[in-house]
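Enquirer: from the sequence below, what's the structure:
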Amino acid sequence: MPYTVDFQNVSTVGVESSPVAEPLAGLRANEARYYKNKYDHVFTVRPASEAPETLDWVSRILSNERNIVISSRPLEVASFEVDGFRMAYVFYESGLSINVMYGIEAGAKRAVGFKLSQGMEVPEELASSFKFARQKSKLAGEIRGSYFVIKGEY
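Expert: Residues are numbered from 1 along each chain as shown. Presented below is the predicted three-dimensional model:
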């Protein structure tokens, strides 16, 4: 069942099983606010089990590009197009959020972003390959993030 993320009244609906549920909900709300303010897009998520094609697409990119397999259980996904980009998000039980920004036009920007919820450790599968920058968020506290550029076609 789809859930429209409310960034004014942050809720842990859908991510309650996470040990960092409140910061993860704040991180999700932070993304919802960004898309609403920048693109007037309503950010909607659904349980990962209801959208296996989105999870498979993100997992395939991670595996093919960097040989990364995320061990945490995926809780929710989002998939949409905005401003010439195909966007996909996966929110994991550990507090990790992964997003894929894939420019639809040939030669457009394409990247994978990682965001860590406040209170979670850097996942083992990312620790040796990525440095994480910190940013403050009113909704999510401190967010740590990193990314890589996608080289292949997906």
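
Enquirer: now do Gln135: how many residues are near it, please.
Expert: Counted with other C-beta atoms under 10 Å, the neighbours of Gln135 add up to 11. For every residue, glycine as well, the C-beta is placed using N, CA and C.

Enquirer: show me the contacts for it.
Expert: By C-beta atoms under 8 Å, 6 or more residues apart in numbering, the contact list for Gln135 reads 142-145.

Enquirer: all helices of this protein, in order?
Expert: Assigned helices in the chain, in chain order: 21-39, 52-66, 124-127 (criterion: DSSP state H).

Enquirer: which residues does the longest one contact?
Expert: The one in question is helix 21-39. Outside of helix 21-39, the residues within contact range by C-beta under 8 Å, 6+ apart are 5-7, 10-13, 15, 18, 41-43, 45, 76, 82-83, 89, 91, 95, 97, 99, 115, 117-120, 137, 139-141, 143.

Enquirer: let's see which of these end up in strands.
Expert: Taking DSSP state E, the ones among these that sit in strands are 45, 76, 82, 89, 91, 97, 99, 115, 137, 141, 143.

Enquirer: what residues are bridge-paired with the second one?
Expert: Going by DSSP bridges, Glu76 is paired in beta bridges with Pro47, Phe91.

Enquirer: which strands border the helix or strand bottoming out on mean pLDDT in the chain, and is each parallel or antiparallel?
Expert: Using mean pLDDT, DSSP states H and E, the weakest-scoring helix or strand in the chain turns out to be strand 133-137, at a mean of 91. Sheet pairing of strand 133-137 (DSSP bridges) gives strand 141-149 (antiparallel).

Enquirer: need the contact list for Phe132.
Expert: By C-beta under 8 Å, 6+ apart, the residues touching Phe132 are 114, 116, 122, 144-146.

Enquirer: swap in 6 Å and give it another go.
Expert: Phe132 makes contacts with 144, 146, as judged by C-beta atoms under 6 Å, 6 or more residues apart in numbering.

Enquirer: tell me how far it lies from Ala25.
Expert: In this structure, Phe132 lies at 20 Å from Ala25, with C-beta to C-beta, to the nearest Å as the measure.
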